[in-house]
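A.B. asks: Quick one: sequence and predicted model below, then my questions.
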Amino acid sequence: MATATASRLAVPAPRTSPHAPGRRRPAAPLPSTPPRPRALSAAPRGRVVCPAAPASSPASTTDAGQDRLQKVPVSNIRNFSIIAHIDHGKSTLADKLLELTGTVQKREMKQQFLDNMDLERERGITIKLQAARMRYIMNDEPYCLNLIDTPGHVDFSYEVSRSLAACEGALLVVDASQGVEAQTLANVYLALENDLEIIPVLNKIDLPGAEPDRVAQEIEEIIGMDCSNAIRCSAKEGIGITEILDAIVTKIPPPQNTAKSPLRALIFDSYYDPYRGVIVYFRVVDGSIKKGDKICFMASGKEYVADEIGVLSPNQMQVSELYAGEVGYLSASIRSVADARVGDTITHSSKRAECALPGYSQATPMELREALEKLQLNDAALKFEPESSSAMGFGFRCGFLGLLHMEIVQERLEREYNLNLIITAPSVVYHVNLADGETVECSNPSLLPEPGKRRSIEEPYVKIDMLTPKEYIGPIMELGQERRGEFKEMNFITENRASVVYELPLAEMVGDFFDQLKSRSKGYASMEYSLIGYRESNLVKLDIQINGDPVEALSTIVHRDKAYSVGRALTQKLKELIPRQMFRVPIQACIGAKVIASEALSAIRKDVLSKCYGGDISRKKKLLKKQAEGKKRMKAIGRVDVPQEAFMAVLKLEKEVL
């Protein structure tokens with residue numbers, strides 16, 4: 001079994017991907033004064049056809065897609081990503097690009113084609129980045145388009161950063177009915193940090209509520225991007241897809257032609273295959289790699305022979321060679337998952353590169369061995385460390401980027417590795433200032449020093465920017481105040497949309513804050529947040545005792561003003577979730593030795609008098625006395641099994657007690 005808690009959140013700063021000479025890298029943008037990316041000029045129209053076939057021929061489109069393994073000059077390669085807020089149509093647009101370029105036959109098409117996990121299809125979201133190579137004919141010239149589809153949820157922003165590091169351009173997709181959302185801004189800033197060419201796309205223009213003119217103006221006002229020539233499309237109906245392909249070719253710069261330099265390839269993803277070992281997805285930055293080459297992973301120092309190399313189109317297709325600018329996969333019978341990590345650099349063993357590529361900054365997540373290591377290959381944001389608990393036994397303390405990330409990891413471990421898991425409620429990392437002047441980190445309430453040894457406790461704070469229609473400003477500000485938030489500013493970014501900024505404790509946000517935000521705004525509000533540091537707070541450790549035994553996994557660190565309400569809510573919730581026993585079970589919430597809230601599960605009563613059909617009363621008293629002694633003995637040695645739902649009870653507390 002595995003225990004899991006949550007630590008702090010921060011969006012990692014991805015490395016700068018190669019860009020064409022002479023292009024100026026903009027300064028890192030600030031949310032209050034976003035930079036103005038280059039304007040999108042009108043792009044010439046192209047055709048998805050082979051040079052010798054008419055534009056209207058369906059067979060020519062298919063032929064163009066089938067020829068995608070043919071080599072093209074580096075100047076005709078385009079590496080791009082699709083970025084957007086969740087549910088703005090990234091996967092649908094990717095499906096349409098694959099279909100229109102003939103990469104996937106129409107009879108094989110299905111919704112969310114690149115989302116190959118059942119979990120992604122069930123939830124309707126993209127969890128993992130996926131790559132696909134397409135061939136496009138424009139003005140009788142073949143082009144190789146490497147697409148990387150990315151997630152939109154804030155919990156998977158690390159996947160987005162890794163995708164952008166392997167690209168030179170990005171399609172910024174904005175829903176023409178919803179407009180700019182919080183994650184739209186976050187992804188734009190990630191793209192600008194990598195100096196990518198951004199092409200704005202207004203999607204879902206076929207919806208009755210679509211307002212492309214308003215949304216274009218909103219993008220210009222909020223992001224600072226010229227949208228006078230923004231592409232208007234409907235990925236579902238296939239409107240404007242050709243214009244998007246033309247813009248990719250004309251506006252996104254090609255990669256640098258460094259095929260004669262020593263090999264340097266950046267690993268941006270990987271997964272474990274039980275038959276072939278670790279399969280590595282990489283972008284060739286310098287040089288070239290051939291099948292049979294002896295390669296070296298520069299970070300780990302391990303050497304292997306490239307048994308198989310190929311491209312993702314979107315299925316794996318073998319090729320003999322990949323050169324600078326191309327994206328592909330590598331199989332080398334790598335059995336140790338630690339030998340090929342995401343962010344490492346691949347080079348030749350005989351002709352090594354002088355220095356490795358910058359790779360990626362480590363994600364700072366909100367805080368099974370074999371299964372977790374294999375899953376970590378495919379999800380680089382997951383962190384874990386072994387831990388033992390008297391209540392839970394041996395397990396792992398895991399770090400996640402958010403609650404959705406935690407749920408996805410739990411379901412993937414259970415489905416893909418057939419594990420039975422117990423997941424505890426998330427917590428954050430506190431800084432404890434001791435009386436002797438030392439400062440220690442505390443990620444587990446059970447590790448909190450005794451009150452006499454500590455001088456103060458500091459908790460992490462986040463700055464949260466909530467974008468909302470103006471009619472929901474009141475309920476959202478009320479939510480911020482309830483969560484011990486400190487109001488900072490409010491700006492009307494358009495006539496009907498406002499940005500409300502709060503600073504609040506991270507511990508108040510790792511629960512149901514996002515759910516409450518969506519509930520109070522009827523689903524229209526969105527948010528983006530970042531860690532800003534630690535502040536001293538009046539915090540106490542709240543212990544839960546069941547049948548007199550402390551349950552460490554249910555212990556929490558809470559603000560003293562909320563200790564009673566949280567303790568009362570927890571004991572009531574546990575009373576509902578823990579099954580009744582043959583003896584009375586007290587459930588207590590304590591601060592130190594002081595009990596501040598208490599509930600009790602009444603015993604299940606067995607009718608021991610059912611076999612008495614009359615007779616003297618002393619016989620009945622004797623049976624009842626024997627039963628009472630048995631219950632007393634059972635209570636002394638009995639053990640109460642706490643179900644999984646009880647460990648997540650802290651997340652289900654009613655909003656009025658928080």
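C.D. replies: Right, received. Where do you want to start?
A.B. asks: Going along the chain, name the helices of the stretch 201-350 of the chain.
C.D. replies: Using DSSP state H, counting those that start in this stretch, the helices of the stretch 201-350 of the chain run over 212-222, 241-251.
A.B. asks: Could you export those as JSON lines, including mean pLDDT?
C.D. replies: Output for the helices of the stretch 201-350 of the chain, formatted as JSON lines (pLDDT from 0 to 100):
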{"stretch": "helix 212-222", "mean pLDDT": "86"}
{"stretch": "helix 241-251", "mean pLDDT": "93"}
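A.B. asks: winner for burial among those?
C.D. replies: helix 241-251 (a mean of 21; mean count of other CB atoms under 10 Å). Every residue, glycine included, has its C-beta placed from N, CA and C.
A.B. asks: List the buried residues in the lengthiest strand in the chain.
C.D. replies: Counting by DSSP state E, the longest strand found in the chain is strand 454-469. Using 16 or more other CB atoms under 10 Å as the test for burial, strand 454-469 gives 454, 457-469.
A.B. asks: Closest to E221 out of those residues?
C.D. replies: L467 (12.6 Å; CB to CB).
A.B. asks: now the helices for the stretch 401-550 of the chain?
C.D. replies: Taking DSSP H, counting those that start in this stretch, the helices of the stretch 401-550 of the chain run over residues 403-416, 473-482, 513-520.
A.B. asks: If you could redo that for the stretch 51-200 of the chain, that was the one I meant.
C.D. replies: With helices called from DSSP H, counting those that start in this stretch, the stretch 51-200 of the chain shows them at 58-66, 90-100, 118-123, 157-164, 182-193.
A.B. asks: mean pLDDT for those: which is lowest?
C.D. replies: Comparing mean pLDDT across the helices of the stretch 51-200 of the chain, the weakest is helix 58-66, with a mean of 48.
A.B. asks: how does the chain divide into domains?
C.D. replies: According to the TED database, the chain comprises the domains 69-251, 264-348, 368-423, 430-537, 542-655.
A.B. asks: out of those, deepest packed?
C.D. replies: Most buried among the domains of the chain, counting by mean count of other CB under 10 Å: domain 69-251, with a mean of 21.
A.B. asks: how long is that one from one end to the other?
C.D. replies: Using CA to CA, to the nearest Å, one end of domain 69-251 lies 23 Å from the other.
A.B. asks: what's the spacing between it and its chain's center?
C.D. replies: Averaging C-alpha positions (CA atoms, centre = their mean, to the nearest Å) puts domain 69-251 18 Å from its chain's average.
A.B. asks: what stretches of the stretch 551-658 of the chain score poorly on pLDDT?
C.D. replies: 605-610, 613-615, 627, 630-658 (pLDDT under 70).
A.B. asks: ranges for the strands of it?
C.D. replies: 556-559, 585-591, 594-601 (DSSP state E, counting those that start in this stretch).
A.B. asks: I148 contacts C167, correct?
C.D. replies: Yes - counting by CB atoms under 8 Å, a contact exists between I148 and C167, whose distance comes to 6.4 Å.
A.B. asks: Of all the helices of the stretch 201-350 of the chain, which one is nearest A589?
C.D. replies: With CB to CB as the yardstick, what comes closest out of these is helix 212-222 (45.3 Å).
A.B. asks: for that closest one, packing partners?
C.D. replies: Judged by 3 or more CB pairs under 8 Å, 6 or more residues apart in numbering; DSSP states H and E, helix 212-222 is in contact with strand 169-175, strand 197-203.
A.B. asks: now those strands as a markdown table including mean pLDDT and distance to L245?
C.D. replies: Compiled in a markdown table, the helices and strands packed on helix 212-222 are given as follows (pLDDT from 0 to 100; distance: least, CB to CB, whole Å):
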| stretch | mean pLDDT | distance to L245 |
| --- | --- | --- |
| strand 169-175 | 90 | 10 |
| strand 197-203 | 91 | 11 |
